[in-house]
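S.K.: Got a sequence here, can you model it:
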Amino acid sequence: MNILIGVSFAVILAALAWAGVAMLRGGRKEGSKGGDMMRALAVRIAVSVLLFACIVIAWSLGWIHPTGIPVGR
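M.R.: Numbers count the residues shown, from 1 in each chain. Just a heads-up that it's a prediction; the model follows:
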């Protein structure tokens, strides 16, 4: 599960960087700015939703357990 979370965060950051590069390139190619940026942000949102769903499923199956925050420390 830790590997899945780490890879997901790496993909999310890569998609965010991809969107940033697409934004900074501007309109060098006609119409590429909006399309590339939209695609990168859609990938980021899809991976984030998939990661959240995997965490909820793992919790419901008992594979992971919440530990909570210790009170008074």
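
S.K.: Identify the residue nearest the geometric centre of this protein.
M.R.: In the chain, the centroid-proximal residue (C-alpha atoms, centre = their mean) is residue 12; its distance is 3.3 Å.

S.K.: so where does it fall, helix or strand?
M.R.: Residue 12 is part of helix 2-25 when elements are defined by DSSP states H and E.

S.K.: And the next helix or strand after that helix, what's buried?
M.R.: Going down the chain from helix 2-25, the next helix or strand is helix 32-61, by DSSP H and E. For helix 32-61, the neighbour count (16 or more other C-beta atoms under 10 Å) marks 33, 36-37, 40, 43-44, 47, 51, 55 as buried. C-betas here are computed from N, CA, C, even on glycine.

S.K.: how about those in a markdown table, adding pLDDT?
M.R.: Listed next are the buried residues of helix 32-61 as a markdown table, based on pLDDT from 0 to 100:
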| residue | pLDDT |
| --- | --- |
| 33 | 57 |
| 36 | 82 |
| 37 | 83 |
| 40 | 86 |
| 43 | 91 |
| 44 | 90 |
| 47 | 91 |
| 51 | 91 |
| 55 | 90 |
